[in-house]
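Student: predicted model, plus sequence, below.
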Protein chains: 2
Amino acid sequence: MNGTITTEKAAELLMQHDNITLLCHRRPDGDTIGSAFALYYTLTMMGKACRVLCSDVFPDKYNYLYEGYEPAEVLDWPVEYVVAVDVATQKLLGNLEEQYGMMVDLCIDHHPSNTGYAALTCLDSGAAAAAEIIYEIISRIGFLVEGKVAECIYTGIVTDTGCFKFSNTTPQSLRIAAELKERGTDTVPINARIFESKSKGKVTAEARLLSALEFYFDDRCAVMPVTLAVRQETGVEDEDLEDVAGMPRQIEGVLVGATIKEHPGECRVSLRTRGGIDASEIGKAFGGGGHFAAAGCTIEGSLQQAKELLLAEIKKHLPEEPR
Amino acid sequence: MNGTITTEKAAELLMQHDNITLLCHRRPDGDTIGSAFALYYTLTMMGKACRVLCSDVFPDKYNYLYEGYEPAEVLDWPVEYVVAVDVATQKLLGNLEEQYGMMVDLCIDHHPSNTGYAALTCLDSGAAAAAEIIYEIISRIGFLVEGKVAECIYTGIVTDTGCFKFSNTTPQSLRIAAELKERGTDTVPINARIFESKSKGKVTAEARLLSALEFYFDDRCAVMPVTLAVRQETGVEDEDLEDVAGMPRQIEGVLVGATIKEHPGECRVSLRTRGGIDASEIGKAFGGGGHFAAAGCTIEGSLQQAKELLLAEIKKHLPEEPR
C-alpha cells in the first residue's frame, strides 16, 4: 500500500492542484457518482478546471446529479491530477484502467478491500459511503455543503446505506444527513428516485417471480425459481435482478429463502437465512459458501434437479419442529 | 383547546404522579406502541406503577417492544393519572373512549389535528413522530435513552418517517437516531421487522396485483385492479392492502397510477400522480378529492365500468405528447 493520508491532507492536495480528473468505478452507483460530482461542483466553484470520467454511462436515475455537465469539451485535457472516488481497485475503473490505472494520484475510498493502488489514499473503512469522506474533505476545504453538492452527498449516503437501513449505517451517516436537511436539501424526491422507481420490465419480472414462489417444510423454506424464460420474456438483465435474492426470506415464518437462477447446464443459488440457520453451511454442501445469513453456490443440472438437491440439504438444517 | 405545556412541564408532571395509565390509539402502530413503552419502561425504572392500554391487540411485528409485559395483573388499578400518547382525538381511543375519553390528564402528541381533548397537551406538530417528543421528555426527566427505551423511540421514529424517507423527516429525527445508534441500539433487526417482513398472503396478493397491472396511453398511466376475488382468495384484509396504492406510480414513466378496489356495486379509486398532473382534479370529476399528488374517489358500477370512466377522465389530464 502506498501512503495513506487524512482528510485534512486530501483537502490540501485538492486545493493545490488544477486540471483535476475525477474517476468513478464501472457500473456506477449513487455513491461514486455523488462523490465525484460533489467534488466536481466544489472544485469548479473554486475556479479549477475539472472533469468526471467513468467507463460506463451514468444511469438516468441519477441524472439530477449530473444534468448540465458536458464532458465533451474536456476530452483533450492535460492529465495533471487524477483522483479516484469510491474505487477499491484499478480493475473497477473498467475500460479506463488501461489509461489511468497506474496514474491515480489520490484515491478517496471507504472499502476495507482497497488495494492501495493510488499514490496516496484517503481511506476511512468505517464510513458507510465514500460520500461521507468527501463531505469531510469539502468541509475542510472551507465550504458549507449545501445545494447541488448536498444532493450529491446525500445520494451517496442513502445509496450505500439503503436509506439508513443497512448495518453499515453509522451515527455519522445520520448526522451528516441531518445537517444536509437543515441546510435545505430536499431529500424526498431523491429518496423517491432511488428507492421507489422501477422499470416496467422489472415490475413484470418481480410479479412473475413472486407468483412462482414455492413453499416447503411448513412454510419455513421459500424457493424462488428464476427461469431463463422470465428473464428473456421480460427483457430484464441478470444484474437488475440481483436484489430479488432477499425476497423469499422477507416472508413471515420463512427461515431459509433460496433463489435458484437457471443458466444453461447449471443453476446459481442464493441463500438467505435467519433464526440461527447457517446459510454458508448449506452453500458449502455444494462447493459454495458465504456468510452466516447470506451465502451462495452453483449446482449443475436443470432447475428441477438443483431444487431437489437443495431442498434435501436445507431439510437437514431446519429445526425438527416448526417454531 | 385546554392548556398546552412544554416537554419540561410534562417531565415534571410524570415525575410527580404514580399509578400511571398510558393509552395508545386504536389500530396501534410503531409510534404509539413505541411511545407508550418508552414511557412505561422509564417510569417503571423510577419505581412507579404503570400500565399500557390499547383497544386493539398489538401487532406481533412489534412484540420486541412489549415482550414480557403482562397487563393482566393491573386490571383493577386505581385510575390516578392518565396519559395518551400519539392520540389526536378521543375517538382514536377505540373502545377505551367510553371509559377514558373524558379523563385524559396529559396527551403527548405530534398531530396538528389534535383536538385538545386532554386536560393538558404537550404538542409538537413539527415532530415527525410522538416518539421524538417522548425522547425529549425522558431526557428531561434525567434518563439517558438507551437499551429497550431506545428501541422503542427508534421504532416510533422509523415507523412514522418510513425510515427517514417521508417528507415529515426533520434534522431532529435523524439526530435522535444518530444518538440512539451511538448508544448501541441495534437498528438493523428493527428495520428488517418493520420494513422487510410480509405475510405469505400479502406477498401472494401483491404478486397477483402486479401481474394484473394494465398500462395505457403509452405506459404513462398504470391501472391496478384489486378484485374482490384476490382479497378473498389470499385472505388479505383491506387494511393490509392500503399501501399498494403507491405501486403503479413507482413504475418509470408512469404519470398517473390508479388503484381500483372492487366492492359490491361500486369501486374505490386511489390516484397517485407526478409530472405536474393534479390527482385531486381527476378525483373531483367523480365527486372525490384529495391532494395534488394523491387523491381518491368512489365510482358506482362494476370494475370494468369504473375503469372505462376513469381512463376517459385521466386521458384529459395527460399531456398531449408523451414526454
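Tutor: Nice, thanks for sending it over.

Student: just the strands in the stretch 51-200 of chain A please.
Tutor: Under the criterion DSSP state E, counting those that start in this stretch, the stretch 51-200 of chain A contains strands at A:81-85, A:106-109, A:120-123.

Student: list the strands paired with the first one, with their directions.
Tutor: Next to strand A:81-85 in the sheet, as set by DSSP bridges, lie strand A:20-23 (parallel), strand A:106-109 (parallel).

Student: next: the last one.
Tutor: The sheet places strand A:120-123 alongside strand A:3-4 (parallel), strand A:106-109 (parallel), with pairing taken from DSSP bridges.

Student: hey, which of those strands is tucked in deepest?
Tutor: Of those, the one with the most neighbours on average (mean count of other CB atoms under 10 Å in any protein chain shown) is strand A:106-109, at a mean of 27. For the C-beta atoms, the positions are set from N, CA and C on the backbone; glycine is no exception.

Student: run through who's touching that one.
Tutor: Here strand A:106-109 makes contact (CB atoms under 8 Å, 6 or more residues apart in numbering or on different chains) with A:5, A:10, A:13-14, A:35, A:81-88, A:114, A:117-123, A:130, A:133-134, A:137.

Student: just to revisit the earlier point, could you dump the strands paired with strand A:120-123 to CSV with distance to A:K198 and mean pLDDT?
Tutor: Shown next, in CSV, are those (distance: least, CB to CB, whole Å; pLDDT from 0 to 100):
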stretch, distance to A:K198, mean pLDDT
strand A:3-4, 40, 88
strand A:106-109, 29, 98
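
Student: surely A:V79 and A:M103 touch.
Tutor: Yes: A:V79 lies in contact with A:M103 (CB atoms under 8 Å); the separation is 7.0 Å.

Student: could you turn the buried ones of the contacts of strand A:106-109 into a PyMOL selection?
Tutor: Buried subset of these, written as a PyMOL selection, criterion 16 or more other CB atoms under 10 Å in any protein chain shown:
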select buried, chain A and resi 5+10+13+14+35+81+82+83+84+85+86+87+88+114+117+118+120+121+122+123+130+133+134+137
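
Student: does A:A245 touch A:R268 like I think?
Tutor: No: contact criterion CB under 8 Å: A:A245 and A:R268 do not qualify, at 10.0 Å.

Student: any chance you could map the strands in the stretch 201-323 of chain A?
Tutor: Ranges of strands in the stretch 201-323 of chain A, per DSSP E, counting those that start in this stretch, are A:214-216, A:221-226, A:256-263, A:266-273, A:289-290, A:294-300.

Student: distance between the second one and the chain's centre?
Tutor: This means strand A:221-226. Per CA atoms, centre = their mean, to the nearest Å, the displacement of strand A:221-226 from the mean C-alpha position of its chain is 24 Å.

Student: relative orientation of that strand and strand A:266-273 in degrees?
Tutor: If you take axes from the mean of the first three to the mean of the last three CA atoms, to 10 degrees, strand A:221-226 sits at 140 degrees to strand A:266-273.

Student: show me the helices in the stretch 201-323 of chain A, by range?
Tutor: Along the stretch 201-323 of chain A, counting by DSSP state H, counting those that start in this stretch, helices occupy A:228-234, A:279-284, A:303-317.

Student: now the longest one: mean pLDDT?
Tutor: If I follow you right, that is helix A:303-317. Averaged over helix A:303-317, pLDDT sits at 97.

Student: and it, C-alpha only, in PDB?
Tutor: What follows is helix A:303-317, C-alpha atoms only, in PDB (Å, rounded to 0.1, in the frame of the first residue of the first chain):
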ATOM      1  CA  LEU A 303     -33.700 -26.200 -12.300                       C
ATOM      2  CA  GLN A 304     -35.700 -29.200 -11.100                       C
ATOM      3  CA  GLN A 305     -32.600 -31.200 -10.300                       C
ATOM      4  CA  ALA A 306     -30.900 -28.400  -8.400                       C
ATOM      5  CA  LYS A 307     -34.100 -27.700  -6.400                       C
ATOM      6  CA  GLU A 308     -34.400 -31.300  -5.300                       C
ATOM      7  CA  LEU A 309     -30.800 -31.500  -4.200                       C
ATOM      8  CA  LEU A 310     -31.000 -28.100  -2.400                       C
ATOM      9  CA  LEU A 311     -34.300 -29.000  -0.600                       C
ATOM     10  CA  ALA A 312     -32.800 -32.200   0.700                       C
ATOM     11  CA  GLU A 313     -29.800 -30.200   2.100                       C
ATOM     12  CA  ILE A 314     -32.000 -27.400   3.500                       C
ATOM     13  CA  LYS A 315     -34.100 -30.000   5.300                       C
ATOM     14  CA  LYS A 316     -31.100 -31.100   7.300                       C
ATOM     15  CA  HIS A 317     -30.600 -27.600   8.700                       C
END
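
Student: good, wrapping up.
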